[in-house]
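Build me a structure from this.
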Amino acid sequence: MLVSSDANAAQSRAPGESTRFYDDIGCLAADSKSQREGTVRWVRLASGGWASAESAWFALGRDAKTPMDYGILAFESRDQAQASDRDGQPRRWAAVMTHVEER
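This next block holds a predicted model:
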């Protein structure tokens, strides 16, 4: 898929493989179950920086429009994610993967 904007982008890289690029954090979460052990994942933070998916905090944005309509936003801190989440519930990567799987 062509990444048209990196505002909600993500990427992953499995040992010995090329980097995979995603234009929506939700797409990375949907693809995570099929990735090999040892895969590293990064997400674009709302602040513009990058962080590993495992260290970031996530929010289901109230009115967030993301390229594939998952509406998942990444933040550096729990407080930032909580303030931006539609339910006031900050999430870690495992919860994001569960949310996408149940969607």
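
Quick check: Gln38 vs Trp57, distance?
That one is not Gln; residue 38 is Gly. 23 Å (C-beta to C-beta, to the nearest Å). Using the backbone N, CA and C atoms, a C-beta is placed for each residue, glycine as well.

How about Ala10?
Ala10 is 15 Å from Trp57, by C-beta to C-beta.

Comparing those two, which shows the higher neighbour count?
The neighbour comparison of Ala10 against Trp57 (other C-beta atoms under 10 Å) goes to Ala10, with 27 against 23.

Over to the residue nearest to that one when sequence neighbours are not counted. Which of the three states is it?
Computed as C-beta to C-beta, 6 or more residues apart in numbering, the closest residue to Ala10 that is not its neighbour in sequence is Leu28, at 3.8 Å. State at Leu28, reduced to three classes by DSSP: H, G, I helix; E, B strand; the rest coil: helix.

Leu28 is in contact with Arg13, isn't it?
No - with contacts counted by C-beta atoms under 8 Å, Leu28 stays clear of Arg13, the gap being 11.5 Å.

Spatially central residue in this structure, please.
Residue closest to the average C-alpha location in the chain (C-alpha atoms, centre = their mean): Ile25, at 3.2 Å.

and the gap between His99 and Phe58?
Applying C-beta to C-beta to His99 and Phe58 gives a distance of 9 Å.

higher neighbour count, these two?
Taking neighbours as other C-beta under 10 Å, His99 and Phe58 compare with Phe58 leading, 24 against 17.

Can you name the residues bridging to the more buried one?
Ala74, Arg91 (DSSP bridges).

what pLDDT does it get?
Here the pLDDT value assigned to Phe58 is 98.

That one contacts Leu73, doesn't it?
Yes - Phe58 lies in contact with Leu73 (C-beta under 8 Å); the separation is 6.7 Å.
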